[in-house]
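Asks: Fold the following.
(chains A and B)
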Amino acid sequence: MSGASTNTSPKTPVRRRPGLLRTAWRFGRTKVGVALTGLIVLIAVVGPFVAPYTPTEFVTKPFEADADGALFGGDNRGRDVFTRFLWGGWTLLLLAGASAGIGVAAGTVVGIIAGYRRGWVDDVLMRVNDVLLAFPQLIAALLVMSIIGPKVWLIVAVIAVSHMPRVARVIREATRKVIEQDYVKAAEAIGLPRWKIMAVEILPNVTSPLLVELGLRLTYSIGVVAVLGFLGMGLQPPTADWGLMINENRQGIAVQPWAVALPVAAIAVLTVGANLITDGLSRAAIGIDRGVEK
Amino acid sequence: MTGYSRQNESTGTGWTENVLRVEGLTVIGRPSDVEIISDVSLTVNRGEILGLVGESGSGKTTLGLSLLRHLKRATQITEGRVWVGERELASLNEQQVRNLRGRAVAYIPQSPASALNPALRLGTQLTEALHDDTSTSDQVAERVREVLREVALPDDPAFLRRYPHQLSGGQQQRVAIAMAFVGRPDLIVLDEPTTGLDVTTQAHVLETIKAMTREYGTAGVYISHDMAVVADLADDIAVMYQGELVEHGRTEQVLSAPRHEYTRRLLMAVPLLRTSGHTEPATRTEEPLLRIFELSAGYGRTRVLEGIDLSVSRGECVALLGESGSGKTTLSRSVAGLHHQFEGGLVFDGQALAGTSYRRTAEQRRRIQYVFQNPYEALNPRKRVRDQILGPYRHLVGRPDDPDLVVAQALERAALPASYGERFPEQLSGGERQRVCIARAVATRPDLLVCDEITSALDVSVQAEIVKLLRSLQDDGMALLFVTHNIALVSNIADRVAVLNKGRIVEYGPVGQVMSAPEHEYTRALIADTPDFELSFPGAPERLSMDSEGRVTDG
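Replies: You can find the predicted model right below:
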């Protein structure tokens, strides 16, 4: 590990150690990850504005491979694949981002409360977590979708709920390490309200595992949203969505491979990129021990 | 066994039997190429102990480890040679070094608990140290029993079947010593082996180490920051400062005529155990600021404190002296409202104090402030010093009109420049961190400061400065409840002292009386076992300059 070695001369004012993000950026893998993720995010965000057609416009014959004006041919209904590819990303990113964000936020709150309050609060929260953990993520999502029906908010809610206990466990462990430190006791001694201790003293000191969790949960969310789309339990036709596109066009994969290959490649690159970033973050988090140095 | 030459010149010439000879050793750190130790030369004679003294970060442990040809990660020897007996360490290959370790050179680390493998029985670990196949198992077993007898531990099979956790700290350290001596090494490196032990145990362990090196004719290198221990134990003293050996000589000579300015400062910083010359504290008639009566506390069903009666008056420093496990931290935390499992009374300025800080009034919380033992843990690493100080202030006093002024004043009282407000804790040294902790505590202008071992994680020179700072705070009218295990420190700072042993106060009175005429045998043993030394060089009487009133030099 290329540990920080900034304090070469004790006389000059000591520079701060680089933070988690900066340390992570030093790894080549993080840079590659950011480049890959950035590329896909760029396609998803800018795509709808530069797309040659609207996503529901019929341009070609179904599964026509080399039609004029359609770079990657047409899909199962004869809509432009390239246009639908450019349109289909932002829904996936939005759903994955929202569910990961909500799940991690809820998990952090539960984890910090359980870790800090201990006692029966801890017991109740963590046992509920265990129950939630017992459901396999995808099966639970499919079950809820098939009962209530595929709705956008439901996709986000189900994925967020399935992330919550996993995040809570990690954050609870991190919290328990932090509350052993005397600055938490110092805050208790002056009678700082509990919620403030959790927000001001504990939360900033669990950001390292938090960032790693966020990356990890984002990766999983992308996978789950795409799979739900593919299984027909996600967004419904005629929405342009990468997961849905794979499902719709898989019968024509022999004659028109682009219609499947483009969304598959995009999801793969996105997942690999997010994973590389997460990997860089977790490596940096192991290197930096933000607690006691001696 | 000490009839060897009194020559101590570091050249290593003459007939003296140098077991260890180091010439021009330089170790650098990678990748920064900073010299951790530079151009160090020293010798140690057979049967003698060299005390290697220095502050944390002075390179003493790096030097100690390089004597075993062990280097920490990312460090490298670039120059110099080390001879142990006839062997030059750099010329040996890995296999030869392994054979050397444990037989010709041995190492006793700081914490015995981490040196012993908790999963192995003592017998196994001691036998392991004799890792060659030249001797039969009977010989090995006999040697193990012999060395155990020498360190005054039982040698019966039942003892050998024990696990490390079944021993006390002192016993564990003896086992570590036995392990080091079992192979009859030529050189033994001791890295602060008594730091975690209480003074009585420390005295015994030091006695054992001394006797063993004499008997085996082993050269010892005793690494320590504690000048008093080294003065007691060592024949030679070497002082390290920022990677350089600034002084090396016979112990008497270094203590009586230190040549280097740094040595002089280091010696003066060590608190001297004063047993006489105390001024009698004025008898106080008014109601004390803090009164503790009939207090017992515990954790669950375990009682840690029984029947504690104690009082602290305004502007007075009351020391709570006790060793680890005596319950002193529990008592101080009860006062601060951090430990609520107690019965009995706490009265602060005429009003009863609730068990937890949350049930106390803001005014009470403001007037009692707590400073923690370990400055590395007591500051939130993600907040600037400024916010560390303003946080409690805003909560207890209110929103300040001029936050910068509050921060500057608090830092000034802790003898730090106002510019430190913009720093993060990781940009501060240990002593500076502790000053920030004190600044945070005094920012709200408390009447009582509870200090829990606040100097034990710091170097002696820093300790002296912190104690000086506390003195000045006390002169401003602040009362101190000073919790410590260091009796020498108590004898210099306290007005009254309470000696705590196994959860009870065994002796309580003015510090002069307790130090000069201790009544309880525990106090007497504490005073007798505390290592101490005398200074006779010019200027020495001003040692521990926090001590203003006329002090008798003979300690």
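
Asks: Kindly report the residues of the stretch 51-200 of chain A close to chain B.
Replies: Applying C-beta under 8 Å from any C-beta of the partner chain, we find that the stretch 51-200 of chain A lies next to chain B at A:181, A:182, A:183, A:185, A:186, A:187, A:188, A:189, A:190, A:191, A:192, A:200. Any C-beta I mention is one placed from the backbone N, CA and C, and that applies to glycine too.

Asks: Tell me which two of those sit farthest apart.
Replies: A:181 and A:191 (18.1 Å; C-beta to C-beta).

Asks: partner residues bridging the residue lying closest to residue A:59 once chain neighbours are set aside?
Replies: In space, residue A:59 comes closest to residue A:80 once its chain neighbours are excluded; the distance is 4.5 Å by C-beta to C-beta, 6 or more residues apart in numbering or on different chains. On the basis of DSSP bridges, residue A:80 is bridged to residue A:74.

Asks: Report the buried residues of the helix or strand containing residue A:276.
Replies: Take DSSP states H and E as the rule and residue A:276 turns out to sit in helix A:258-287. Residues of helix A:258-287 classed as buried under the neighbour-count rule (16 or more other C-beta atoms under 10 Å in any protein chain shown) are A:258-264, A:266-267, A:269-285, A:287.

Asks: Which members of those additionally contact chain B?
Replies: Contacts with chain B are made by none of those, judged by C-beta under 8 Å from any C-beta.

Asks: Give me the angle between the helix or strand containing residue A:249 and helix A:258-287.
Replies: Residue A:249 belongs to helix A:242-249 when elements are defined using DSSP H and E. Going by axes from the mean of the first three to the mean of the last three C-alpha atoms, to 10 degrees, helix A:242-249 is angled at 150 degrees with respect to helix A:258-287.

Asks: Can you show me the CA trace of helix A:242-249 as PDB?
Replies: Included here for helix A:242-249 are C-alpha records, laid out as PDB according to Å, rounded to 0.1, in the frame of the first residue of the first chain:
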ATOM      1  CA  TRP A 242     -32.100  -1.500 -21.900                       C
ATOM      2  CA  GLY A 243     -33.400  -4.400 -20.000                       C
ATOM      3  CA  LEU A 244     -36.600  -4.400 -21.900                       C
ATOM      4  CA  MET A 245     -34.800  -4.100 -25.200                       C
ATOM      5  CA  ILE A 246     -32.800  -7.300 -24.500                       C
ATOM      6  CA  ASN A 247     -36.000  -9.100 -23.900                       C
ATOM      7  CA  GLU A 248     -37.900  -7.800 -26.900                       C
ATOM      8  CA  ASN A 249     -35.200  -8.400 -29.400                       C
END
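
Asks: hmm, back to that, with secondary structure added, can I get the residues of the stretch 51-200 of chain A next to chain B in a markdown table?
Replies: Conversion of these to a markdown table gives the following (DSSP: H, G, I helix; E, B strand; the rest coil):
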| residue | secondary structure |
| --- | --- |
| A:181 | coil |
| A:182 | helix |
| A:183 | helix |
| A:185 | helix |
| A:186 | helix |
| A:187 | helix |
| A:188 | helix |
| A:189 | helix |
| A:190 | coil |
| A:191 | coil |
| A:192 | coil |
| A:200 | helix |
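
Asks: Nearest to residue B:54, out of those residues: which one, please.
Replies: Distances from residue B:54 to these, taken as C-beta to C-beta, are shortest for residue A:182 (27.1 Å).

Asks: Report the next helix or strand after the helix ranked longest in chain B in sequence order.
Replies: Residue-count comparison of every helix in chain B, with assignments taken from DSSP state H, identifies helix B:199-216 as the longest. Reading on from helix B:199-216 to the C-terminus, the next helix or strand found by DSSP H and E is strand B:219-224.

Asks: That next one pairs with which strands, parallel or anti?
Replies: Each strand that strand B:219-224 pairs with, and the sense of that pairing, follows from DSSP bridges: strand B:49-53 (parallel), strand B:187-191 (parallel).

Asks: winner for burial among the ones you listed?
Replies: Ranked by mean neighbour count, these are led by strand B:49-53 with a mean of 27 (mean count of other C-beta atoms under 10 Å in any protein chain shown).

Asks: how many neighbours does residue B:506 have?
Replies: Neighbouring residues of residue B:506 were enumerated by other C-beta atoms under 10 Å in any protein chain shown; the total is 17.

Asks: Also residue B:163?
Replies: For residue B:163, the neighbour count with other C-beta under 10 Å is 15.

Asks: OK, contacts around it?
Replies: B:118, B:119, B:120, B:121, B:122 (C-beta atoms under 8 Å, 6 or more residues apart in numbering or on different chains).

Asks: What are the phi and psi values at the last one?
Replies: Dihedral pair for residue B:122: phi -60, psi -40, per degrees, to the nearest 10.

Asks: tell me the contacts of it?
Replies: The neighbourhood of residue B:122, defined by C-beta under 8 Å, 6+ apart, consists of B:116, B:159, B:160, B:161, B:162, B:163, B:164, B:167, B:175.
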